[in-house]
Structure formats: C-alpha cells, structure tokens
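Asks: no sequence on this one, just coordinates:
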C-alpha cells in the first residue's frame, strides 16, 4: 500500500537548533585560536627585546673593504680600532710530480693522510689508476682535505689542499696536513708529492696588539666583532663599531607589527556591524573585549623604575599610540633618542618592570596552557561534546517516532483492507 507522508520536521527542530549552536561555538573556538596565536606572537616579540644585547644592535664599518670587512654581534661595544693586516691565513697545499698525459697511470699503493695531528686516514691507489681516479677515491675517503687535478695539456698534476687554513697555534705548520705514500705497484708513475704552500696563520694588528688566527675570519680579538681579512695593508686602516639605529628600529618594528596585528584582530572580533552574525561573534565576551585594554595598558603606562630618567616610556622614545590604538614609530624621534642615550632607550625595553617584561606577564594569562583563553576554548569544546550526546539521543527519539508512525499506518491499512473485504462480501448477498 501507499507509504505515509511523515512530517517529522517538528521533531527535528531541537536537533537543528543544537547543530546551529555547535556551528556558532566552533566558529568562536576558531576565532579564539587566532587571537591566542596573535597574542603568543606579541609575547614572543616582547621576549626578543627584553635584554640590552637584544635591543642595541650594532654595525661595523671598514675604512678599506678591499683589506677587510667587519661584522658585529649584539655584544659589541661602540668604538674605533686601528687595523693592520701583515699576514693572511693559508691552507697547506701539496702537488705531485708531472704525470704525462700519454702515460697517465699512477703507481699503485696507499696514501695516508693526517689532518692537524688527527688519526691517519688511508686511501688506496689501484694499479693503472689515473690521477682523476686517485682524486675521486681521495675525495670519497678523506675528511679534512680535497684533491683535484690540473692539466697543462701535456702533463697532469694532483693537488691536495687542506680544507682549513692555518695550523694549531704554537705547532709546526707542517703538522696541519701530513700526507705520506706507500707504493706496492709494479708499474705507473709515483706521485712524488711536495709542499707547494705551507700552512700559515693570519696576523692582524689591533690597536698595536698582534693577533694570530688560524682563519682569515678573526673572532675574539674584540668582543662581539669579527674581522674578515682579505688583503695585506701597507698602513693602518680604521674599523668602526657603532649603534645601528636602523637595525634597532627594525627589531622594535617586529614587536610593533605583532602588537598592531593583535589589536586589529581583537577589534574586528569584538565590533558589531550590520553584517555581524551575533551567534558567532565574540563581541559579548568580556574576556575577549578586555584584551584590547590589557594590550594598551602594557605599552602606554610609564616604566615606574625609570621615573625621572631620560626616557620613561615608549612614547618618550618615539613609539606612540595612534587614534586607532595601534603603535607607530616616529623614526626621527626614535633615532634622536638613540643618539642621546642608547642605554636609556634600552632601559625602556629591559628594566625589571619594562614595557617588554610587562607585556610578557600580561600575555601569559592568555597564552599559558591554563590561561583564560584555553579555559574558554575548553568550555566551548565540552559544550559541543555535550550537544553531540543530546543530538544522538534526539535522533534516536526521532527514529523511534517515525517507526511508530509507520507501524500505526500499516495497522490502519490492514484494518481498512479488512473492512473493504467485508463490504465486497456483503454487496454480493
């Protein structure tokens, strides 16, 4: 018979309502996750500026870049230095005897290599190996030196060069790379290796003091400074280390950008417009609305421990808040502040109660594993799970309701069919 036309939508309305609520809460969870990530970024950028060495970026300048370059780290202090380069570091280099191209086979045996007094390494030369073969085997087996072949058109030469320049301070230069050969073959040409260039350390004079280095990158002579030697000098040159205003501003801008991204996101999610879906909006969430004030207070309040100092706040060094509540860097003011007192500028970021430390403390309450945003997210997640249970139970009720209707209709059909049969019987009497 015909199946019943069941209108069970009214039974499903509670399910639909729960599913809509779940979708809204899932959207809120996603938004809270984005806000938490933005606040974590603010916290990380604040952490990157809470030490003087992290704030005061320096730069080095060479008066003769053909002779040397200079790089600095945050540990470098401002100053000038007289630099004279009297010797460049060189690596040990050995060369073989000429092996005719017409008869290129080397005599078989072994090459033993020791780098800077280290354990001997061995490579085998096969009878009939060419110098190209020897170089390939050498480079596969030996660590700390490389082999190559030079061909002048008539003869070929094997050249072995240490990877590193210089030798251990106080040691014989010959110990930087020791290569010995042992021939066991009966044919071919012996390599006949000789020293083409002995290991040599660099020597640079810094303000009248000779500094010896195994490398042409001289570190440790001046704290936080590396001199990259390139050529000898006939007269003293000048190396200058100074505060890098642009570099410092770039680091501060990373924090400013992260802060402004967080402000934009919180503002967007807590502002109600004509197109706002109020079921998904966090505008009514007091915790989220309060984030903006917490961020603002952390960057606008004065640093109490710097009361009476040259600089007491971000605004005093040119990092100010605009009408939208976002931070802007006034470059001219910031540069002038650095020139006036670099340490004073650093203190705004690094004092025990500095802006950066204050910001980190403020953000922890939101970003920690037990922070308010995690608690808020967990609450919404648990609510969604509870609604899953409710939906499952309601679906079972709807299924039972529909099955009951089908059963009732089937029974009714059977009753009607019986009546119709009796009617037909009676009409035949």
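Replies: Great, that's in hand. The structure presented is a predicted model; accordingly, all values stated were derived computationally and were not measured.
Asks: what about the stretch 1-150 of the chain, any weak spots by pLDDT?
Replies: For the stretch 1-150 of the chain, the stretches with pLDDT under 70 are 1-12, 15, 18-19.
Asks: could you point out which element follows the host helix or strand of residue 339?
Replies: In the assignment (DSSP states H and E), residue 339 maps to helix 331-340. Using DSSP H and E, the helix or strand that follows helix 331-340 in sequence is helix 342-350.
Asks: all the helices of this structure, residue numbers only.
Replies: Ranges of helices within the chain are 9-47, 52-55, 131-141, 245-269, 286-300, 331-340, 342-350, 355-367, 372-427, based on DSSP state H.
Asks: got CSV for those helices, with distance to residue 181 and mean neighbour count too?
Replies: (Glycine included, C-beta is placed from N, CA and C.) Shown next, in CSV, are these (distance: least, C-beta to C-beta, whole Å; neighbours: other C-beta atoms under 10 Å):
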stretch, distance to residue 181, mean neighbour count
helix 9-47, 57, 16
helix 52-55, 52, 17
helix 131-141, 11, 17
helix 245-269, 53, 18
helix 286-300, 70, 17
helix 331-340, 62, 15
helix 342-350, 60, 22
helix 355-367, 62, 20
helix 372-427, 68, 12
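Asks: that older thread, mind checking the pLDDT average for the helix holding residue 339?
Replies: Mean per-residue pLDDT for helix 331-340: 91.
Asks: what of stretch 245-260?
Replies: Stretch 245-260 comes out at a mean pLDDT of 93.
Asks: need the contact list for residue 287.
Replies: Residue 287 sits next to 372-373, 376 when contact means C-beta atoms under 8 Å, 6 or more residues apart in numbering.
Asks: of those residues, closest to residue 133?
Replies: Residue 133 has its nearest neighbour among these in residue 373, at 65.7 Å by C-beta to C-beta.
Asks: the closest one contacts residue 367, correct?
Replies: Yes: at 7.2 Å, residue 373 counts as touching residue 367 under the criterion of C-beta atoms under 8 Å.
Asks: overlap in contacts, the two.
Replies: 36, 39.
Asks: which outside residues touch the helix holding residue 339?
Replies: The contact list for helix 331-340, computed with C-beta under 8 Å, 6+ apart, reads 243, 245, 248-249, 252, 310-311, 316-319, 344-345.
Asks: any chance of those in TSV, plus distance to residue 137?
Replies: Shown next, in TSV, are those (distance: C-beta to C-beta, whole Å):
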residue	distance to residue 137
243	54
245	55
248	53
249	55
252	55
310	67
311	65
316	68
317	63
318	64
319	62
344	63
345	60
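Asks: surely residue 260 meets residue 329?
Replies: No: taking C-beta under 8 Å as the definition, residue 260 is not a contact partner of residue 329, at 10.9 Å.
Asks: ok, back up a step: what angle do the helix holding residue 339 and helix 342-350 make?
Replies: With axes from the mean of the first three to the mean of the last three C-alpha atoms, to 10 degrees applied, the angle from helix 331-340 to helix 342-350 works out at 110 degrees.
Asks: quick one: helix 331-340 to helix 245-269, angle?
Replies: Going by the same axes, to 10 degrees, helix 331-340 makes 130 degrees with helix 245-269.
Asks: distance from the chain centre to helix 331-340, please.
Replies: 29 Å (C-alpha atoms, centre = their mean, to the nearest Å).
Asks: stretch 375-390 too?
Replies: Relative to the centre of its chain, stretch 375-390 is centred 35 Å away, using C-alpha atoms, centre = their mean.
Asks: what's the answer for stretch 145-157, then?
Replies: Remark: stretch 145-157 is offset 43 Å from the chain centroid, using C-alpha atoms, centre = their mean.
Asks: how many neighbours does residue 201 have?
Replies: 20 (other C-beta atoms under 10 Å).
Asks: scratch that, residue 237
Replies: Neighbours of residue 237 (other C-beta under 10 Å): 18.
Asks: cool, and residue 113?
Replies: So residue 113, with other C-beta under 10 Å, has 23 neighbours.
Asks: with adjacent residues omitted, what lies nearest to it?
Replies: In space, and not counting its chain neighbours, residue 113 is closest to residue 121: 4.8 Å by C-beta to C-beta, 6 or more residues apart in numbering.
Asks: now swap in residue 218 and tell me
Replies: The shortest distance from residue 218 to any non-neighbouring residue, by C-beta to C-beta, 6+ apart, is to residue 227 (4.4 Å).
Asks: who does that neighbour bridge with?
Replies: Bridge pairing for residue 227 (DSSP bridges) gives the partners residue 70, residue 218.
Asks: residue contacts, the spatially closest residue to residue 128 that is not a sequence neighbour?
Replies: With sequence-adjacent residues excluded and distances taken as C-beta to C-beta, 6+ apart, residue 128 is closest to residue 105, at 4.9 Å. Residues in contact with residue 105 (C-beta under 8 Å, 6+ apart) are 127-130, 187-189.
Asks: mind doing that once more with 7 Å?
Replies: 128-130, 187-189 (C-beta atoms under 7 Å, 6 or more residues apart in numbering).
Asks: for the stretch 151-300 of the chain, give me the ranges with low pLDDT.
Replies: Flagging of the stretch 151-300 of the chain using pLDDT under 70 yields the residue ranges 275-276, 278-279, 281.
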